[in-house]
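Student: A predicted structure for the sequence below; I have some questions about it.
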Amino acid sequence: MIGRRNRARVVAAMNPAAAQLGLRLGQAVAHATAATPGLVLHALDAADDAAALHRLALWAQKLYSPVVAADGADGLVIEASGCAHRFGGEEKMLIDLRARLTRAGFGVSIAMADSWGGAHALARWSRRAIFVAAPGGTGRELAALPVAALRLPHDLVQTLSGVGFDTIAELEQTPKGPLAKRYGLEPVRRLDQAFGRVAEPIQPVMAPETKAVSRVFAEPIGAPETLARYLTDLTSSLCGALEEASLGALRLDAYFIRVDNRIETVRLGLAKPSRDAPRLAKLLCGKLETVDPGFGVEKMMLAAPGAEPLVYHQAQALGGRAPAPDLAALVDTLATRLGPENVYSLASVDSDIPERSVRKASALDPLATHSWPIDWPRPSRLLGRPEPIETIALLPDAPPNLFTWRGKRRRVRCADGPERVYGEWWKRDAELSTSRDYFQVEDEGGERFWIFRDGDGEHADSGSQRWFMHGLFG
């Protein structure tokens, strides 16, 4: 891709093949074509690229964090504080993000650090696909990187390189007064931002159609009751704007901009579109305990990205049946308290293998037709993964007389079975001849269990012939 720096035509972007040929970003086009004849050149369409990056930022905002913005012309910055736990940790969040972008056809390198400048430098110059800097260790990781990683202008990087500043460590160890006097404040500012000494606010991306309201305070606020009062007012104003557009919020993002330019956020996901201001305000205020106001909040903003049409209808026709109860409010309350990932319903899947015959579904999804055989009862609690047990069984088709599970020995008083379940050979070749024999057993204490033997008890190719605990009744 060919862009312009001042009046010169330079290489603004290139593919891996061009990089292998020795081309570099910022190189004059005349030099590049002279060194590598036959190059295919395209004019850089900065407007289209910026629009595509904006759409990508909105996508990341929906999935990962309320605070997402463009980082230059080829990157995104995401404020991940308080978000990574939903993915099992920081590294797992980055793995998930990179996997999604790779499937979409993007070449991606990702870094997480204490500062925007630090993450920017590590993502582009560390030569790792995924880099997670330890808390407080960003400066140490930046030391060996080139000065160009500080987001300085190209001409300034060339000037600093000419006088011997090749790495960030060399620039950091230089007295800041003489450095600023000779080269201006930009190198010092970028160093402070990269090392986290100066806050660098992120202006969250916002779709043009997103309904949002905000409030700026003459004096910073920080008391929980004050935050709750103004958040309630903003919720009422936003619901009024949604009502005028016949829309309902599916997600609410509250932003608390502090005096130190840090942004605290609260995200509320809803089971179905709503603009019930009192209920939404109560749910939002319940999350304020996660907001650290610092030395005060100077601005609050509440947005409803992805709002959907919402038109109220008469709940019950004259003489008709009573409508089904609306559980959306209950689901939203539970999701706020327990986390949205912990509130769901179970839907049946057409499969003979028990652990494959259920899946997680939205809490408000209609119940699907049960696919398990009605002749054989199923346990109320199915273990996520079958657990091995030690047993004593007399015959191939007989249940065990006793078994040991989780260190406790249990004698079987009565049992029912076997129920034979065959492998799904049409899905996996390895299950062509496999089978399981399930038994319902009751111990002397009256507890009932669902156990199975992996195999038919006679043929080695049918399974390992080991016994497993798979569920509990009652």
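Tutor: Thanks, I have the structure now. Numbering: from 1, shown residues only.
Student: could you look up the SS state of the closest residue in space to T102 that isn't next to it in sequence?
Tutor: In space, not counting the residues next to it along the chain, T102 is nearest to V108; the distance is 6.1 Å by CB to CB, 6 or more residues apart in numbering. Every residue, glycine included, has its C-beta placed from N, CA and C. Here V108 takes the coil state, with states given by DSSP: H, G, I helix; E, B strand; the rest coil.
Student: run through the residues that contact V108.
Tutor: Neighbouring residues of V108 by CB atoms under 8 Å, 6 or more residues apart in numbering: 97-98, 101-102, 129.
Student: now do the phi/psi pair for T391.
Tutor: phi -130, psi 160 (degrees, to the nearest 10).
Student: so what's the residue count around it?
Tutor: Residues lying near T391 (other CB atoms under 10 Å) number 19.
Student: pLDDT at it, what is it?
Tutor: You'll see T391 listed with a pLDDT of 92.
Student: tell me the contacts of it?
Tutor: If you count contacts by CB under 8 Å, 6+ apart, T391 has them with 400, 402-404, 451, 467.
Student: what is the burial count for the closest residue to it other than its chain neighbours?
Tutor: Closest residue to T391 in three dimensions, ignoring its sequence neighbours and counting by CB to CB, 6+ apart: P400, at 3.7 Å. Here the number of neighbours of P400 (other CB under 10 Å) works out to 21.
Student: what sits against P400?
Tutor: Taking CB under 8 Å, 6+ apart as the definition, contacts of P400 comprise 391-393, 412, 439, 441, 451, 467.
Student: do L432 as well
Tutor: Shown in contact with L432 (CB under 8 Å, 6+ apart): 423, 425.
Student: what do you get if the cut-off is 10 Å, keeping everything else the same?
Tutor: 422-426, 461 (CB atoms under 10 Å, 6 or more residues apart in numbering).
Student: ok, D456 next?
Tutor: If a contact means CB under 10 Å, 6+ apart, then D456 has 396-397, 418, 420, 422, 433-437, 462-463, 465 as its contacts.
Student: how about 6 Å then?
Tutor: For D456, the contacting residues are 435, 462, taking CB atoms under 6 Å, 6 or more residues apart in numbering as the criterion.
Student: would you quantify the distance from it to W467?
Tutor: Here the distance between D456 and W467 works out to 13 Å (CB to CB, to the nearest Å).
Student: before we move on, what about Y183?
Tutor: When distances are taken as CB to CB, Y183 and W467 turn out to be 74 Å apart.
Student: give the residue from these two that has the larger number of neighbours.
Tutor: Each of Y183 and W467 has its neighbours counted (other CB under 10 Å); W467 has more, 23 against 18.
Student: sec struct for L56, please.
Tutor: At L56 the chain is in helix, as set by three-state DSSP.
Student: that older thread, and the contacts of P400, which of them are buried?
Tutor: Burial by neighbour count, 16 or more other CB atoms under 10 Å: within the contacts of P400 this picks out 391, 393, 412, 439, 441, 451, 467.
Student: any idea what the third one is bridged to?
Tutor: Counting by DSSP bridges, V412 is bridged to D443.
Student: that one touches V441, doesn't it?
Tutor: Yes - at 4.9 Å, V412 and V441 qualify as touching, with contact defined as CB atoms under 6 Å.
Student: on that earlier part again, mind putting the contacts of V108 in a markdown table, secondary structure, pLDDT and neighbour count included?
Tutor: Converted to a markdown table, these look like this (DSSP: H, G, I helix; E, B strand; the rest coil; pLDDT from 0 to 100; neighbours: other CB atoms under 10 Å):
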| residue | secondary structure | pLDDT | neighbour count |
| --- | --- | --- | --- |
| L97 | helix | 94 | 20 |
| R98 | helix | 94 | 16 |
| L101 | helix | 94 | 17 |
| T102 | helix | 93 | 12 |
| A129 | coil | 91 | 15 |
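Student: now those residues in JSON lines, with distance to L122?
Tutor: What follows is the contacts of V108, written out as JSON lines (distance: CB to CB, whole Å):
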{"residue": "L97", "distance to L122": "15"}
{"residue": "R98", "distance to L122": "14"}
{"residue": "L101", "distance to L122": "17"}
{"residue": "T102", "distance to L122": "19"}
{"residue": "A129", "distance to L122": "12"}
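Student: and of the residues you listed, the nearest to P208?
Tutor: Ranked by distance to P208 (CB to CB), these are led by L101 at 24.0 Å.
Student: what's the distance between the residue nearest the centre of the chain and G286?
Tutor: With distances taken as CA atoms, centre = their mean, the chain has Y64 as the residue nearest its mean C-alpha position (4.0 Å). As defined by CB to CB, Y64 lies at a distance of 22 Å from G286.
Student: same question for A245.
Tutor: Taking CB to CB as the criterion, A245 is separated from G286 by 26 Å.
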